[in-house]
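Colleague: this is the structure alone, sequence omitted:
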């Protein structure tokens, strides 16, 4: 059943009008018509099934909404903090982090970010990543769309993790002092909140690692081979779920 | 230090001439000159450091070769069997499987493969995937280039695994009867050889699963969300290493 993202759908709604872009997707791309089955999710964990009631050029509504159980969310709330990568890499990271259950993606302006500031400041990049996250949630069957945090320096990310009581995990090269295999994450049990940090294309600078260490971070390495920057988040998130359970 | 793939490099060589494409990479792309440090690996696990001795338009040699320890290979020999995907997806799978330590990639012509046969028969695709694997080994610091097996039906892959004594692991949807979380792989200890199977874009057909079940396969799921086909190998290989150790 095709699913549509309707952020404003009320918990007790029995009918809902789709936002313009979702209506267009329903009518122009998927070419659904009146009476076809359709799903709705609000991006915050609620999901419904219903039937297409209006499918005009510009409007689409789903009625006979019935709440259904959503795909379960992981018990550990993981925010993926990632050094800003270039456009297509960042899109892939947001897409994969969504399918791998991150609750938020927080782009980090760490010292070795090589993407020019104009490419990610001003809000256009944030809006784009939010659209990618919503599209990925549709595709992967998830009822939650991860929040996209504004790009912020590493210090700000670490401070937010500290005040929120989140455990900090940093993916590092094996040679970094204190780096352990991901199995080390099993020690200390399953946390509630985690900030999982992945460096930019150029990796972490010594100063970044010092900041993270001061914030009590756990340094984990992901094996002896060098992974492409946009693959590291997939490997790290997978490792977290294998250690702590998928849900 | 930039590394070059020289399949024919002899174990006791002190000087070696690069193949034409690697020579071009050295002189035209990296613009190395006489006296620059360079690495050599043979794609079968041997690695050397040396110095550029000739860097002409068409020829490059490295001399003063000294054997150095290669990046360690995983203790578990994993062959990734993957339902044939389209070109760019398959390239990505080969690249990531190389960086994640697979010893071989074996494309599988399972029943739901949607890529037309002409796109992968005839040997051109195999040759391309071999080039992608070699380039990925250069980039990820690995001295082994995974073998690319010829495209074969699932039956042939399972038979090869059986005669080689390999454990068979199949990534499936959570709803498949017998599917367990990847933690189940810890039971029974660390195997020597594994065939890790990932379906094509359309997933496994019931007949595929019956064949795998008859071959004694373990069915694992990778969480409740639907992952993109080219991401599944990354997630599965990572899960194997977390369960069995990176090296």
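Modeller: Received the coordinates, thanks. As the structure is a computational prediction, the values presented were derived from the model and not from experiment. Numbers count the residues shown, from 1 in each chain, chains lettered A, B, ... in the order given.

Colleague: how about the residues of chain A by chain B?
Modeller: Taking CB under 8 Å from any CB of the partner chain as the test, the list of chain A residues beside chain B reads A:71-72, A:95-96, A:99-101, A:139-142, A:181-183, A:222-228, A:231, A:234-235, A:238-239, A:241-243, A:245-247. For glycine as for every other residue, the C-beta is placed from the backbone atoms N, C-alpha and C.

Colleague: hmm, 7 Å instead?
Modeller: Contact residues of chain A with respect to chain B, defined by CB under 7 Å from any CB of the partner chain, are listed as A:71-72, A:96, A:99, A:101, A:139-142, A:181-183, A:223-228, A:231, A:234-235, A:238-239, A:241-243, A:246-247.

Colleague: filter the residues you listed to the buried ones?
Modeller: Neighbour counting with 16 or more other CB atoms under 10 Å in any protein chain shown marks A:71, A:96, A:99, A:101, A:140-142, A:181-183, A:223-228, A:231, A:234-235, A:238-239, A:241-243, A:246-247 as buried within the residues of chain A next to chain B.

Colleague: now for chain A, the helix or strand with the poorest mean pLDDT.
Modeller: Counting by mean pLDDT, DSSP states H and E, the weakest-scoring helix or strand in chain A turns out to be strand A:180-181, with a mean of 92.

Colleague: returning to that earlier point: show me the residues of chain A next to chain B that map onto strands.
Modeller: residue A:181 (DSSP state E).

Colleague: helices - which of the residues of chain A next to chain B land there?
Modeller: Secondary structure of the residues of chain A next to chain B is defined by DSSP state H; positions in helices are A:96, A:99, A:139-140, A:234-235, A:238-239, A:241-243.

Colleague: just send those back as JSON lines, with pLDDT too.
Modeller: Formatted as JSON lines, these follow (pLDDT from 0 to 100):
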{"residue": "A:96", "pLDDT": "98"}
{"residue": "A:99", "pLDDT": "97"}
{"residue": "A:139", "pLDDT": "95"}
{"residue": "A:140", "pLDDT": "96"}
{"residue": "A:234", "pLDDT": "98"}
{"residue": "A:235", "pLDDT": "97"}
{"residue": "A:238", "pLDDT": "97"}
{"residue": "A:239", "pLDDT": "96"}
{"residue": "A:241", "pLDDT": "94"}
{"residue": "A:242", "pLDDT": "93"}
{"residue": "A:243", "pLDDT": "92"}
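
Colleague: show me the two of those residues that sit farthest apart.
Modeller: Of all pairs drawn from those, the one with the largest separation by CB to CB is A:139 and A:243; the distance is 25.9 Å.

Colleague: element containing residue A:61, please.
Modeller: When elements are assigned from DSSP states H and E, residue A:61 belongs to strand A:60-68.

Colleague: residues contacting that strand, please?
Modeller: Outside of strand A:60-68, the residues within contact range by CB atoms under 7 Å, 6 or more residues apart in numbering or on different chains are A:13-18, A:23, A:26-27, A:38, A:40, A:46-54.

Colleague: same question, stretch A:141-151
Modeller: The set of residues that contact stretch A:141-151 without belonging to it, under CB under 7 Å, 6+ apart, is A:5, A:41, A:43-47, A:70-71, A:73, A:84, A:97-98, A:102-107, A:109, A:120, A:126, A:129-130, A:133-134, A:137, B:225-226.

Colleague: and those, which are buried?
Modeller: Burial by neighbour count, 16+ other CB under 10 Å: within these this picks out A:5, A:41, A:43, A:46-47, A:70-71, A:73, A:84, A:97-98, A:102-107, A:109, A:120, A:126, A:129-130, A:133-134, A:137, B:225-226.

Colleague: so which of these sit within helices?
Modeller: By the criterion of DSSP H, membership of the buried ones among the contacts of stretch A:141-151 in helices covers A:97-98, A:126, A:129-130, A:133-134, A:137.

Colleague: and residue A:139, what is it in contact with?
Modeller: Residue A:139 makes contacts with residue B:226, as judged by CB under 7 Å, 6+ apart.

Colleague: er, residue A:26 I mean
Modeller: In this structure, residue A:26 makes contact with A:4, A:18, A:32, A:55, A:60, judged by CB under 7 Å, 6+ apart.

Colleague: show me where chain A dips below the pLDDT cut-off.
Modeller: Flagging of chain A using pLDDT under 70 yields the residue ranges A:247.

Colleague: repeat that for 90
Modeller: Low-confidence regions of chain A, defined here as pLDDT under 90, cover residues A:57-58, A:87, A:111, A:114, A:117-124, A:174, A:183-184, A:186-189, A:202, A:245-247.

Colleague: give me the phi and psi for residue A:93.
Modeller: With angles defined as degrees, to the nearest 10, residue A:93 shows backbone torsions of phi -60, psi -40.

Colleague: residue A:157 too?
Modeller: Taking degrees, to the nearest 10 as the convention, residue A:157 sits at phi -60, psi -40.
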